[in-house]
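In: A predicted structure for the sequence below; I have some questions about it.
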Amino acid sequence: MMIDRRAIIAGAAGLAATSLLPAAARAAAAPDSRKWIIVNALGGLADPNLRDSPADPFSPRVLAEAHASGVTAINCTFGYVAGPAEPFEKSVADVAEMDMLLRRHPRDLMKILSVADIRRAKAEKKIGLIYGFQNGAMMGKDAARVDVFANLGVRIFQLTYNPANALGDGSMAPDNRGITPFGREVIARLNAQKMIVDLSHSGEKTCLEAARASTAPISINHTACRAVTDLPRNKTDAELRLVAEKGGFIGIYFMPFLNISGHARAEDVVRHIDHAVNICGEDHVGIGTDGLVTQIDDLDAYAAVLAKEIAERRAAGISAVGERPDTYPFVVDLRGPDQFRKLIGLLAAKGYSSRRIEKIMGLNFLRHAEGVWGG
């Protein structure tokens, strides 16, 4: 089961000046976020220190560090993304398995079906899991399957992964062909079922056409800004602007694509958030880290596992430009249970108001989800 694909295993100058402040002064400048709702628009819960995927990924350590991070809800990837499994069967089985796991951990975890559920997760001190897909391949040739997954509680549907599929072209598809007629049919069905249409990983033409075709606001739950770092997994200003104009949501990830070197730092996250806010406005930007909150104990050991994973992704044709064996799928100085508090402190040091930061950390996703889900 794929909970996260890594479970198997004012800009830089302003930030530099901030780093010279004493730690106590930096902490004092950060807002108190303990009462905030923090939503990770794409992430996961698992232990990256394990070589094999356990039958139950929600170990005491994973749950404790998730609670310590302050996160309220996470859009977790289930279902088919790539590989030899039959996409529809795997996706149904994954949802059923996650339902079973949540029944095993009722004190810590809950399934999110609505914005009210996210607020309840915060009130009850639980971690809410939003069921999401990252590849529409499980549709086969039948758009009515959207109804099946809506009834199973899937709330976010990403149309493509990096390659092309029957719905449209991903960011690594060479032809940039846009949405197919079947993709338009699926989007209409997703709108009817009040599911969020996610254009992360899509090609530029696919994203622009889907944003126009959808009658509801769409999201790009985990991406960055191509104007800042020119890589295919990042979105152009035209994509970002159109999604915002249609009332949508942009989540900035903590991925190597934030920096052309592949070695992303916290200052890169802030630069991309700042650019997205300038293009989209402060009401449409959030975070979708595409990572975990459990700390990695041994980076050298993890790097060896990661190199194998990258080789497998390249062989499968699903790897993205900028993804290499020597790049981590996270920001090296913005990871572990403190990652959200650190980001809040950096945004405060950048001069962002407490209210703007609270929007970025969760309220903007809630606004977007409420507009699509209806509460």
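Out: All right, it came through fine. Numbering: from 1, shown residues only.

In: pop out the phi and psi values for the residue positioned nearest the centre of the chain.
Out: Residue closest to the average C-alpha location in the chain (C-alpha atoms, centre = their mean): Leu42, at 2.0 Å. With angles defined as degrees, to the nearest 10, Leu42 sits at phi -160, psi 120.

In: who's in contact with it?
Out: By C-beta atoms under 8 Å, 6 or more residues apart in numbering, Leu42 lies in contact with Asn75, Thr77, Gly132, Ser200, Asn221, His222, Gly251, Tyr253, Gly288, Thr289, Asp290. For every residue, glycine as well, the C-beta is placed using N, CA and C.

In: measure it to Arg107 for me?
Out: Noted for Leu42: a distance of 25 Å to Arg107, by C-beta to C-beta, to the nearest Å.

In: same check, this time on Ala30
Out: 29 Å.

In: same thing with Arg241?
Out: Applying C-beta to C-beta to Arg241 and Arg107 gives a distance of 43 Å.

In: when the two are compared, which one has more neighbours?
Out: Arg241 (16 against 9; other C-beta atoms under 10 Å).

In: rewinding a little: per-residue pLDDT, the residue nearest to the centre of the chain?
Out: Per-residue pLDDT puts Leu42 at 98.

In: can you tell me which helix or strand Thr206 belongs to?
Out: Secondary structure assignment for Thr206, by DSSP states H and E: helix 204-213.

In: how far off centre is the following helix or strand past that helix?
Out: Using DSSP H and E, the helix or strand that follows helix 204-213 in sequence is strand 219-223. Taking C-alpha atoms, centre = their mean, to the nearest Å, the mean C-alpha location of strand 219-223 is offset from the chain mean by 6 Å.

In: make 50 the starting number, not 1.
Out: Okay, using 50 as the starting number, the last item reads as strand 268-272.

In: quick one, strand 268-272 and helix 253-262 angle?
Out: Strand 268-272 runs at 150 degrees relative to helix 253-262, counting by axes from the mean of the first three to the mean of the last three C-alpha atoms, to 10 degrees.

In: surely Ala199 meets Gln242?
Out: Yes: contact criterion C-beta atoms under 8 Å: Ala199 and Gln242 qualify, at 3.9 Å.

In: name the helices or strands packed onto the helix or strand in which Arg404 is found?
Out: In this assignment (DSSP H and E), Arg404 forms part of helix 403-407. Judged by 3 or more C-beta pairs under 8 Å, 6 or more residues apart in numbering; DSSP states H and E, helix 403-407 is in contact with helix 388-399.

In: what's the average pLDDT for the helix it packs on?
Out: On average, helix 388-399 scores 97.

In: got it, and stretch 257-275?
Out: 98.

In: buried ones in it?
Out: Of the residues in stretch 257-275, 257-260, 262-263, 265-275 count as buried by neighbour count, 16 or more other C-beta atoms under 10 Å.

In: swap in stretch 320-336?
Out: By neighbour count with 16+ other C-beta under 10 Å, stretch 320-336 contains the buried residues 320-326, 328-329, 331-336.

In: return the subset of those residues lying in helices.
Out: Arg320, His321, Ile322, Asp323, His324, Ala325, Val326, Ile328, Cys329 (DSSP state H).

In: quick one: low-confidence parts of this structure?
Out: Residues of the chain meeting the criterion pLDDT under 70: 50-78.

In: what are the boundaries of the helices in the protein?
Out: Under DSSP H, the chain gives helices at 61-68, 72-78, 109-118, 136-153, 164-172, 194-200, 230-241, 253-262, 286-294, 315-329, 348-365, 388-399, 403-407, 413-422.

In: as TSV, those helices with distance to Ala213 would be great.
Out: Converted to TSV, these look like this (distance: least, C-beta to C-beta, whole Å):
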stretch	distance to Ala213
helix 61-68	36
helix 72-78	45
helix 109-118	35
helix 136-153	15
helix 164-172	33
helix 194-200	19
helix 230-241	10
helix 253-262	9
helix 286-294	18
helix 315-329	26
helix 348-365	14
helix 388-399	33
helix 403-407	37
helix 413-422	25
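
In: and the ones you listed: which comes nearest Leu307?
Out: helix 315-329 (3.9 Å; C-beta to C-beta).

In: pull that closest one out as PDB, backbone CA atoms only.
Out: As requested, the backbone C-alpha atoms of helix 315-329 are provided in PDB (Å, rounded to 0.1, in the frame of the first residue of the first chain):
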ATOM      1  CA  ALA A 315      14.500  26.300   3.800                       C
ATOM      2  CA  GLU A 316      15.200  29.600   2.200                       C
ATOM      3  CA  ASP A 317      14.100  28.100  -1.200                       C
ATOM      4  CA  VAL A 318      10.700  27.100   0.300                       C
ATOM      5  CA  VAL A 319      10.200  30.700   1.500                       C
ATOM      6  CA  ARG A 320      11.300  32.100  -2.000                       C
ATOM      7  CA  HIS A 321       8.700  29.900  -3.700                       C
ATOM      8  CA  ILE A 322       6.000  30.700  -1.300                       C
ATOM      9  CA  ASP A 323       6.700  34.400  -1.600                       C
ATOM     10  CA  HIS A 324       6.600  34.200  -5.400                       C
ATOM     11  CA  ALA A 325       3.300  32.300  -5.300                       C
ATOM     12  CA  VAL A 326       1.800  34.800  -3.000                       C
ATOM     13  CA  ASN A 327       2.900  37.600  -5.300                       C
ATOM     14  CA  ILE A 328       1.300  35.900  -8.300                       C
ATOM     15  CA  CYS A 329      -1.800  34.300  -6.700                       C
END
